[in-house]
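# I'd like to go over a predicted model; first the sequence, then the structure.
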Amino acid sequence: MPQPARPTLRCLRQDLSEDWDDARQRAALDDEPAALPPFHKLAHPVVRHAASVYDGTADTDAQREGITGLTNPMWLKLKTGRWRGAVWEDDAGQPWLCAAGLRREYESSDFYARFMSDVLSGGPEQFLPTPADRHRLRLEQAEAALAAWEQRLHQDACDALSAAHEAGSATFAVPGLRDGSPGLSTADVTVVVLDEDDDPDGGVAELVVAFARTDWAHLDLAEHADLIVLAAVHPDEQSWDVSSLATGPIYSLVMSPAELAALLAAADRHGTPGATSPGATAHYAHRGHLTASSVNGTSVRGLCGKWFVPRQDHDSMPKCDRCDAVMRTMKEAEAARG
Amino acid sequence: METVAAVKVERSELDRLDAAVAEIGTQSQLGAALSMLAENVRNGSDVLLAGKEEHLTPAAAARSLGMSRTHLYKVMDAGELPFVRVGRDRRVAASDLIAFSHGREHDRARLAERFAHVAPNRASLVNALADGE
């Protein structure tokens, strides 16, 4: 499936020296191209125009005009304001903006005059997409496919939560990434309200989200899917508990029935898939463990029993009450021993 | 089986336990055990206390794990927590329960890491997908 016309890296770096709407994008091309949006969405007038004229569908043929005098391959003209461009379509129908420049009529620096002379003297290869361009295109397509899959999964999870809110339980399939690929897991959402016989402390409810793996060959993806579903239920990472079973993991939340009902009712199909927060309080943990953990990104157990990976500025957060209480008791005991 | 939730133990209770430990002395097995109980509670660790041969009902086992019976049955059905049948009912050995509870700590540690590393893990998925894997 072709994308709209996209500029090559060479065109972006060498030809588009001015007129950027966002100068940071121009700077990022040299420093950090991985962080840039899809290339057909870059903030430059000629890029925008190329993407709108050659949008990857075949019904724009009427607007096509070849650059006279160049036939193998054929180059398509692009005009917007002062800018001129040359577009080439690969065998898969993917249009590429391979060169661009400013119109300067009757001058040798006019874009078309210079482009034609460069192609005739040095050959067309210098302008065609390189392996790096093709790799970037594949990355962007993969990113778009994963994002679309995450969106669908997020919506399926929200629908299941609404159903579980009504009926007490719901089941849905976590789809594979490609059309026709096997489902990754079956997810079973169950709301359990413990009655007072079970729980002497009074009303507690548990939400159980059990995954039964159906495709063990794509475990990384299945585990990523788990987190998308958990985020759709409750974004607070530290409120989740887990048991890892041979059939797949079971995640659970324990809270009051009213809180749980509110949570299920609030499931937002339009929310951002996978958005979670690492917790609002700072935990105490053994200092030696913390250092190793910060360096390696491994998790550490707080005094309160919660596991976390230190990755926030803990000085700006309130202390965890439970950790704080344990810390005080330990200090007092130490002082009493002398 | 008893679950001692560290957070629910009062300071004054701990002081009295310390006094009892001092009186019995830690040379005594019982005194050493009580001392260990006090130490754990003081460090914020919950303590499970069970007879070696003791078996628990699913309700008691679920309560001590802080989960619903529905959740517990899923765990038993998956073979993760052994149980014996008593007629139509099930019983869980306290030692199996403690072993299972201990194993969950590893699962929790790993979940925290998966949440923390979601961005780089996602980037790896995109790369693998782009490379046609």
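Alright, I've got the coordinates.
# from here on, contacts and neighbour counts on C-alpha atoms
Will do.
# look at residue A:47 and say how many residues are nearby.
Residues near residue A:47, counting by other CA atoms under 10 Å in any protein chain shown, number 23.
# from chain B, how far out is residue A:139?
The gap separating residue A:139 from chain B is 5 Å, by CA to the nearest CA, to the nearest Å.
# partner residues bridging the residue lying closest to residue A:164 once chain neighbours are set aside?
Nearest in space to residue A:164, with sequence neighbours left out and distances taken as CA to CA, 6 or more residues apart in numbering or on different chains, is residue A:170 at 5.1 Å. Counting by DSSP bridges, residue A:170 forms beta bridges with residue A:189.
# distance check, residue A:170 against residue A:82.
58 Å (CA to CA, to the nearest Å).
# do residue A:143 as well
If you go by CA to CA, the gap between residue A:143 and residue A:82 works out to 33 Å.
# from the centroid of the chain, which residue is nearest?
I'll assume chain A. Central residue of chain A (CA atoms, centre = their mean): residue A:147, 5.8 Å from the mean position.
# meant chain B, my bad for not saying
Geometric middle of chain B (CA atoms, centre = their mean) lands on residue B:101, at 3.4 Å.
# tell me the residues of the stretch 151-300 of chain A that contact chain B?
A:192, A:194, A:198-199, A:206, A:208, A:220-221, A:224, A:227, A:237-238, A:241-247, A:254, A:278, A:297-300 (CA under 8 Å from any CA of the partner chain).
# sitting in strands, which of these do you find?
Mapping those onto strands (DSSP state E) picks out A:192, A:194, A:206, A:208, A:241-245, A:254, A:300.
# in TSV, list those residues along with neighbour count and pLDDT.
As requested, those are exported to TSV (neighbours: other CA atoms under 10 Å in any protein chain shown; pLDDT from 0 to 100):
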residue	neighbour count	pLDDT
A:192	21	88
A:194	20	73
A:206	23	92
A:208	25	94
A:241	20	94
A:242	21	95
A:243	23	93
A:244	20	92
A:245	20	92
A:254	20	90
A:300	26	89
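# what about the residue nearest to residue A:164, neighbour count?
Close neighbours of residue A:170, defined as other CA under 10 Å, add up to 20.
# quick one: contacts for it?
Each residue near residue A:170 by CA atoms under 8 Å, 6 or more residues apart in numbering or on different chains is listed here: A:160-161, A:163-164, A:188-190.
# farthest-separated two in those?
Using CA to CA, the contacts of residue A:170 span at most 11.4 Å, a distance reached by A:163 and A:188.
# end to end on stretch A:5-16, go ahead and measure it.
End to end - CA to CA - stretch A:5-16 spans 16 Å.
# distance between that stretch and the chain's centre?
25 Å (CA atoms, centre = their mean, to the nearest Å).
# which of the residues in that stretch are buried?
A:5-12, A:16 (16 or more other CA atoms under 10 Å in any protein chain shown).
# so which of those are in helices?
Of those, the ones assigned to helices by DSSP state H are A:9-10.
# which positions in chain B make contact with chain A?
Counting by CA under 8 Å from any CA, chain B sits next to chain A at B:7, B:11, B:42-45, B:59, B:63, B:67-68, B:70-71, B:75, B:78-80, B:104, B:107-113, B:115-118, B:122, B:125-127, B:129-131.
# quick one: secondary structure of residue A:312?
coil (DSSP: H, G, I helix; E, B strand; the rest coil).
# ok, it - how many residues close by?
When neighbours are counted by other CA under 10 Å, residue A:312 registers 12.
# and the gap between it and chain B?
Residue A:312 is 10 Å from chain B, by CA to the nearest CA.
# dihedrals phi and psi, that residue?
Phi and psi for residue A:312, reported as degrees, to the nearest 10, are phi -120, psi 160.
# over to residue A:307?
phi -100, psi 140.
# and the nearest residue to it once chain neighbours are set aside, what pLDDT?
Distances taken as CA to CA, 6+ apart put residue A:301 closest to residue A:307, at 4.4 Å, once the chain neighbours are dropped. At residue A:301, the model reports a pLDDT of 88.
# which of the residues in the longest strand belonging to chain B are buried?
Criterion DSSP E: the longest strand present in chain B is strand B:89-93. Residues B:90-93 are the ones in strand B:89-93 that count as buried (16+ other CA under 10 Å).
# for the residues you listed, give me a markdown table that also has distance to residue A:20 and pLDDT.
Listed next are those as a markdown table, based on distance: CA to CA, whole Å; pLDDT from 0 to 100:
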| residue | distance to residue A:20 | pLDDT |
| --- | --- | --- |
| B:90 | 71 | 95 |
| B:91 | 71 | 96 |
| B:92 | 69 | 95 |
| B:93 | 70 | 94 |
